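*Asks:* Based on what follows, work out the 3D shape:
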Amino acid sequence: MRRVLCPGSFDPVTNGHLDIISRASKLYDEVVVGVLINISKKSLFTVDERVEMIQEVTKEYGNVKVDKFHGLTVDYCRQHGIQVIVRGLRAVSDFDYELQIAQMNHRMSGVETLFMATNPLYAFLSSSLMKEVVKYGGDVSGLVPELVQQRLVERLREES
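*Replies:* Sure thing, here's the model as predicted:
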């Protein structure tokens, strides 16, 4: 079985993330979306909330599994028999950063990294930008799934 890991914080998941997950699901037998538990980073949503949202918005894909993990991505890959990581690239600046990580991951474990160019419709998206736009009353419909937009609005309303 050909499996790939799509790791990230996904705080929250955007349509850009979903584009990469969807495209990877057509190339691999199983796509594992790995939600990173990063205790040093303040997240808007808990890891369980992020996992639940991704499960909900990817349920149409029969070969996408969502899991959470902490530590090194390559350790997760090793523990779960995954040989490939997929990463979306929005801009050249993403490539510079991601290439260094890919090279280190390969050196440490032999895990390959597949870079996918983000659909130009979503090239400007980031979870941070979506949170900021919603925080100031902006509309992110069409940029995040409807479920995510609703939860963003609710959560940011609670915090103000």
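*Asks:* where do the helices sit along the protein?
*Replies:* 15-27, 47-57, 73-80, 92-109, 127-135, 146-159 (DSSP state H).
*Asks:* on contacts alone, who are the packing partners of the last one?
*Replies:* It refers to helix 146-159. Applying 3 or more CB pairs under 8 Å, 6 or more residues apart in numbering; DSSP states H and E, one finds that helix 146-159 makes contact with helix 47-57, helix 127-135. The way it works is simple: take the backbone N, C-alpha and C, and place the C-beta from them, glycine included.
*Asks:* Between those helices, which one is closest to Gln103.
*Replies:* helix 127-135 (25.0 Å; CB to CB).
*Asks:* quick one: which of the helices of the chain is nearest Val35?
*Replies:* Nearest to Val35, of those and by CB to CB, is helix 47-57 at 5.1 Å.
*Asks:* Including distance to Lys65, mean neighbour count and mean pLDDT, could the helices and strands packed on helix 146-159 go into TSV?
*Replies:* Output for the helices and strands packed on helix 146-159, formatted as TSV (distance: least, CB to CB, whole Å; neighbours: other CB atoms under 10 Å; pLDDT from 0 to 100):
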stretch	distance to Lys65	mean neighbour count	mean pLDDT
helix 47-57	9	18	97
helix 127-135	21	18	94
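*Asks:* got CSV for those helices, with distance to Leu147 too?
*Replies:* Shown next, in CSV, are these (distance: least, CB to CB, whole Å):
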stretch, distance to Leu147
helix 47-57, 6
helix 127-135, 13
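*Asks:* So for Gly16, which of the ones you listed sits nearest?
*Replies:* Once the helices and strands packed on helix 146-159 are compared by CB to CB, helix 127-135 is nearest, at 9.1 Å.
*Asks:* Between helix 47-57 and that closest one, find me the angle.
*Replies:* 90 degrees (axes from the mean of the first three to the mean of the last three CA atoms, to 10 degrees).
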